[in-house]
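Student: Curious how this folds, go ahead:
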Amino acid sequence: MENRSYQKIRNLSALLTATLLLASSCVQFKPMALYDAEEPEALPVRPVKISQAVEPVVFDDSDSYVWGFTEDPDCLTGGRTTEAAYSGEASLLVNWDRNAPGCDWVGFGIGWDNWAGKD
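Tutor: From the prediction side, this is the model:
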């Protein structure tokens, strides 16, 4: 009797093993995204030279689009000057006294391309 029940268990184990192997061999895994979000757009290629940008003129000999020089005259002074110009008739003169109290960082800005955003 014991031999017969052992044989049934062995046959049942073999059948179960064959069923599991057969079932697992039919499964195929598909690639799936981790999140259901859209794929990000590729970043635009940055121009190698500034002359290849949409608006290559950053400073046009006027200081109407330059800001930040008058906030603290002890730290930063400057503006338009005609004494030295790489090209054109004028350039920007920037004088920064980093040793003055509270002047460890200063900034100024240029309204490039009529303040249009750049990426």
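
Student: Quick check: which element contains S13?
Tutor: If you go by DSSP states H and E, S13 is part of helix 2-25.

Student: Could you list the residues in contact with that helix?
Tutor: Helix 2-25 is contacted by no other residue when judged by Cβ atoms under 8 Å, 6 or more residues apart in numbering. Every residue, glycine included, has its C-beta placed from N, CA and C.

Student: Over it, what's the mean pLDDT, rounded is fine.
Tutor: Summarised as a single mean, pLDDT over helix 2-25 is 83.

Student: swap in stretch 89-108?
Tutor: Average pLDDT, stretch 89-108: 80.

Student: Could you export that stretch as CSV, CA atoms only?
Tutor: Extracted in CSV, the C-alpha atoms of stretch 89-108 (Å, rounded to 0.1, in the frame of the first residue of the first chain):
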residue,chain,number,x,y,z
GLU,A,89,31.5,101.8,-31.4
ALA,A,90,31.0,101.0,-27.7
SER,A,91,31.5,98.3,-25.1
LEU,A,92,30.4,97.6,-21.5
LEU,A,93,32.6,98.8,-18.6
VAL,A,94,32.2,96.8,-15.4
ASN,A,95,34.0,97.9,-12.2
TRP,A,96,33.5,95.5,-9.3
ASP,A,97,35.0,96.1,-5.8
ARG,A,98,34.7,92.6,-4.3
ASN,A,99,36.6,93.8,-1.1
ALA,A,100,33.9,96.2,-0.2
PRO,A,101,31.5,95.0,2.6
GLY,A,102,28.7,92.9,1.3
CYS,A,103,30.1,92.8,-2.3
ASP,A,104,31.3,89.2,-2.5
TRP,A,105,28.8,88.6,-5.3
VAL,A,106,27.2,91.0,-7.9
GLY,A,107,25.3,90.7,-11.1
PHE,A,108,24.1,92.5,-14.1
